[in-house]
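S.K.: model the structure of this input:
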Amino acid sequence: MTRHFTEPTTDYWQRIVPAHVVERPDAPWQFGYPARLPDGRVLVLPIRQLANEPSHAVASLLVNHASLEVVETLGAMLAERLSIDAPELVIGLPTLGLALAPVVARSLGHARYVPMGYSRKFWYDEALSAAVHSITSPTPGKRIYLDPNLRPLIEGKRLVLVDDAVSTGTTLRSAWDLIESLGGDVVACGVAMLQSRRWVEQLGAERAARVVGVFESPLLKAVPEGWVLRD
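M.R.: Presented below is the predicted three-dimensional model:
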């Protein structure tokens with residue numbers, strides 16, 4: 001694949017900067033996309049060219065590759081947006097949502113959070129799991145699990161789901177369905193990155209209205225000078 005204004009890096013997302021210092025604030029962007037945060041500052045995300053469609057790209061956030069300062073800032077901003085729903089418990093979705101969920105829980109004044117996972121421990125109950133099929137997990141057979149020992153924590157509670165991003169919405173929908181089937185009241189879902197708007201149709205209008213994010217990341221297409229917004 002011919003590389004088009006992309007480069008291997010884990011450096012871009014290590015700091016949050018004032019908007020006026022961003023080298024390319026407007027399209028066409030080259031190498032990095034400036035995601036604007038609620039306080040006006042910017043987190044520059046590396047642009048990742050799609051292997052199966054080289055003329056398309058996404059601006060990528062990998063929370064577990066980011067600096068602790070960035071993770072804590074995003075978590076605190078997300079907690080502020082979720083606080084209006086007065087949640088009693090935070091549920092972290094695997095895998096990258098587990099980096100944000102503890103920060104969100106602590107910022108909300110909670111003593112703990114509940115993690116979900118993709119790994120099935122020997123004491124898990126298959127009834128406390130749901131199939132997952134997404135753009136990043138296309139192979140059938142993958143499931144998301146809740147530890148049976150954690151079930152009493154969620155029953156009858158006002159809950160928020162926390163993940164790093166929402167793109168197609170399929171993983172989020174599976175987790176949402178599972179938690180509600182086990183007696184949890186999902187009042188909102190919080191993500192650091194809202195990637196495009198494909199997830200709205202997948203979740204439906206009522207659930208989509210309860211999704212909040214820290215920043216938006218659009219889908220991109222190639223032009224000779226770099227990358228611009230894709231319709």
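S.K.: buried residues, the helix or strand of the chain with the lowest mean pLDDT. List them.
M.R.: Every helix and strand of the chain was ranked by mean pLDDT, DSSP states H and E. The lowest is strand 129-131, at a mean of 88. Of the residues in strand 129-131, those buried under the neighbour-count criterion (16 or more other Cβ atoms under 10 Å) are Ser129, Ala130. In this view, the C-beta of every residue, glycine as well, is placed from N, C-alpha and C.
S.K.: spatially central, which residue of the protein would that be?
M.R.: In the chain, the centroid-proximal residue (Cα atoms, centre = their mean) is Ala165; its distance is 1.6 Å.
S.K.: could you list the low-pLDDT ranges of this protein?
M.R.: Counting by pLDDT under 70, the chain has low-confidence residues at 133-141.
S.K.: go with 90
M.R.: 1-2, 10, 12-13, 23, 119-142, 196, 231 (pLDDT under 90).
S.K.: report whether the residue nearest to the centre of the chain is found in a strand, as I expect.
M.R.: Yes: counting by DSSP: H, G, I helix; E, B strand; the rest coil, Ala165 falls inside a strand.
S.K.: beta partners for it?
M.R.: Using DSSP bridges, the bridge partners assigned to Ala165 are Met193.
S.K.: what's it in contact with, if anything?
M.R.: With contacts defined as Cβ atoms under 8 Å, 6 or more residues apart in numbering, Ala165 is in contact with Leu61, Leu96, Val191, Ala192, Met193, Leu194, Gln195, Ser217.
S.K.: the least confident helix or strand of the chain pairs with which strands, parallel or anti?
M.R.: Applying DSSP bridges to the sheet, strand 129-131 is found paired with strand 143-145 (antiparallel).
S.K.: buried residues, the lengthiest helix in the chain. List them.
M.R.: Longest helix of the chain, by residue count under DSSP state H: helix 68-82. The neighbour-count criterion (16+ other Cβ under 10 Å) identifies Val70, Val71, Thr73, Leu74, Gly75, Met77, Leu78, Ala79, Glu80, Arg81, Leu82 as the buried residues of helix 68-82.
S.K.: from what I can see the second one touches His65, true?
M.R.: Same thing as Val71. No: assessed by Cβ atoms under 8 Å, Val71 is found out of contact with His65, at 9.9 Å.
S.K.: next, show the common contact partners of these two.
M.R.: Looking at what touches both Val71 and His65 (by Cβ under 8 Å, 6+ apart), there is no common residue.
S.K.: how about residues contacting stretch 50-61?
M.R.: By Cβ under 8 Å, 6+ apart, the surrounding residues in contact with stretch 50-61 are 1-2, 4, 6, 13, 32-33, 35, 43, 45-49, 164-165, 192-193, 195, 217-222, 227, 230.
S.K.: now stretch 85-101
M.R.: For stretch 85-101, the surrounding residues in contact (Cβ under 8 Å, 6+ apart) are 62-64, 71, 74-75, 78, 102, 104-105, 108, 110, 113-118, 144, 153-154, 157-165, 171-172, 175, 179, 184, 187-188, 191-192, 210.
S.K.: check the separation of the first and last residues in it.
M.R.: Across stretch 85-101, the terminal residues are separated by 16 Å (Cα to Cα, to the nearest Å).
S.K.: ok, stretch 151-169 next?
M.R.: With Cα to Cα as the measure, the first residue of stretch 151-169 is 24 Å from its last.
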